[in-house]
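# 3D model of this:
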Amino acid sequence: MRVGPAVVTGLALLTISCGRAVAVGPAPAPEPTSYQTLVAGAPDPEGNTATARFDSVTGHAQPTAVPTNAIEARFAPAGAISYLMPDSIHTLDVAGGARTVATSPGRVIAGFAWSNDGMLAYVAHATAVGSGSQLVIRPPAGVALTIPLPAASGGAPPTLRFSSDGQLLLLVDPALGTQSTLQVRRLDGTLVYQAAGASEATWAGLRRVYYQDGRGVNAADLTSGATRTILPGAGWRTPDTSPDGRTVVFEGRDPAGRPCLELLDTRTDAVLPGFERDEAAAPRFVSGTEIWFRDVSGGGGAIVSLDVERRTEAPTGLTGVVSDVRQIG
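Below you'll find the model as predicted:
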């Protein structure tokens, strides 16, 4: 457990002054929350990865039946687990049954997301050169909506995130080139907001979005359409929003290029002074006051729990990366 004096941080041009302390955190969440996490372990020499499911109620992780060659695993509604193969999405039910929930013949499904009420969204890239991509939004019952997208040109896989109320979908797809790499859409496909050259996006409340581009980190108001740069010349990675929408944890870089964590207050759009954790990567909120991250000191990959209210850390006994989190109550 590492706790020490605070080092006030300054975020500018991809460098952040990071110490090893945890001194100041966001306001406590209204109530404690139990949760489950999916953890992708370290890959073997062939690139295969085992996925475990951790339950905060029992304090234990159990192996899952997710294939080790699956591309991505996420929680589906009611605690089921979905995983991605190149041309299909499959779900492992809580009772143990397995089923295919989506296929895309002639296309590669590059990323997907579930809303809390069972809406499925995924992006499919065409295998033929020059053919367009597709965004599919499928309700729990009824006909799926297919939205044409530009042809994919390579790059990082897309990320999809529903808003906390499930009414909007945030899509970032670097493979769409210099066109609309970031899109926010209603569930009927209506385009609410778009930005070119955008990456590393997350929700900043119900109707605001943070994202990074060549200017720095920006805040977009989806109601007015206004965008302003809140961290000029700065960069972040893997931003994740707390369950209550008040705080974003993100990975920055210190002057030596090492990863470290910072917190951003969504009410002020400012980095919280006095909070920092160096040699840390891939953070995820698992509750309103608890963050799991990968400790990269010494080249390791242990997942550490950080309580930002009590200012303490504890090992989880797991290694790898948190791929998804499910809030239970």
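# Which residue lies nearest the spatial centre of the protein?
Against the mean C-alpha coordinate of the chain, by C-alpha atoms, centre = their mean, the closest residue is residue 240 at 5.5 Å.
# who's in contact with the nearest residue to residue 161 once chain neighbours are set aside?
Using C-beta to C-beta, 6 or more residues apart in numbering and skipping the chain neighbours, the partner closest in space to residue 161 is residue 170 (4.6 Å). Every residue, glycine included, has its C-beta placed from N, CA and C. Taking C-beta atoms under 8 Å, 6 or more residues apart in numbering as the criterion, residue 170 is in contact with 159-163, 182-184, 201-203, 209.
# go on, residue 133?
Neighbour list for residue 133: 107, 123-126, 148-152, 173, 175-176 [criterion: C-beta under 8 Å, 6+ apart].
# any idea how far it lies from residue 82?
When distances are taken as C-beta to C-beta, to the nearest Å, residue 133 and residue 82 turn out to be 20 Å apart.
# just residue 228 next, same as before
Using C-beta to C-beta, one obtains 36 Å as the distance from residue 228 to residue 82.
# Check residue 297 too.
Using C-beta to C-beta, one obtains 33 Å as the distance from residue 297 to residue 82.
# okay, those two: which has more neighbours?
A direct count of neighbours by other C-beta atoms under 10 Å for residue 297 and residue 82 places residue 82 higher, at 24 against 13.
# how much space between the more buried one and residue 104?
Between residue 82 and residue 104 the distance, using C-beta to C-beta, works out to 15 Å.
# ends of stretch 224-237, how far apart?
Distance between the boundary residues of stretch 224-237 (C-alpha to C-alpha, to the nearest Å) amounts to 26 Å.
# Now tell me what touches that stretch from outside.
The contact list for stretch 224-237 (C-beta under 8 Å, 6+ apart) reads 11-14, 193, 195, 200, 210, 212, 215-221, 250-253, 259, 262, 269-271, 281.
# host element of the residue nearest to the centre of the chain?
Here residue 240 is covered by strand 237-241, with elements defined by DSSP states H and E.
# Which SSE is immediately downstream of that strand?
Sequence-wise, the next helix or strand downstream of strand 237-241 (DSSP H and E) is strand 247-253.
# Quick one: list the elements packing against that next one.
In terms of contacts (3 or more C-beta pairs under 8 Å, 6 or more residues apart in numbering; DSSP states H and E), strand 247-253 is packed against strand 15-16, strand 237-241, strand 259-265, strand 280-285.
# Figure out which of those is closest to residue 68.
With C-beta to C-beta as the measure, strand 280-285 is the member of the helices and strands packed on strand 247-253 nearest residue 68 (19.6 Å).
# Could you list the residues in contact with the following helix or strand past that closest one?
From strand 280-285 onward toward the C-terminus, using DSSP H and E, the following helix or strand is strand 290-295. Applying C-beta under 8 Å, 6+ apart, the external contacts of strand 290-295 come out as 37, 249, 261, 277, 279-286, 301-308, 316, 320-322.
# Got a quick ChimeraX command for the buried subset of those?
In ChimeraX, selecting the buried portion of these, with burial taken from 16 or more other C-beta atoms under 10 Å, looks like this:
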select :37,249,261,277,279,280,281,282,283,284,285,286,302,303,304,305,306,308,316,320,321,322
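# which residues touch residue 62?
Under the criterion of C-beta under 8 Å, 6+ apart, the contact partners of residue 62 comprise 52-53, 55.
# same deal with residue 251?
For residue 251, the contacting residues are 236-239, 259-261, 280-283, taking C-beta under 8 Å, 6+ apart as the criterion.
# now, among the residues you listed, which is nearest to residue 142?
In terms of C-beta to C-beta, no member of the contacts of residue 251 lies closer to residue 142 than residue 239, at 32.6 Å.
# Quick check: that closest one touching residue 248?
Yes - the criterion here is C-beta atoms under 8 Å, and residue 239 meets it with residue 248 at 5.2 Å.
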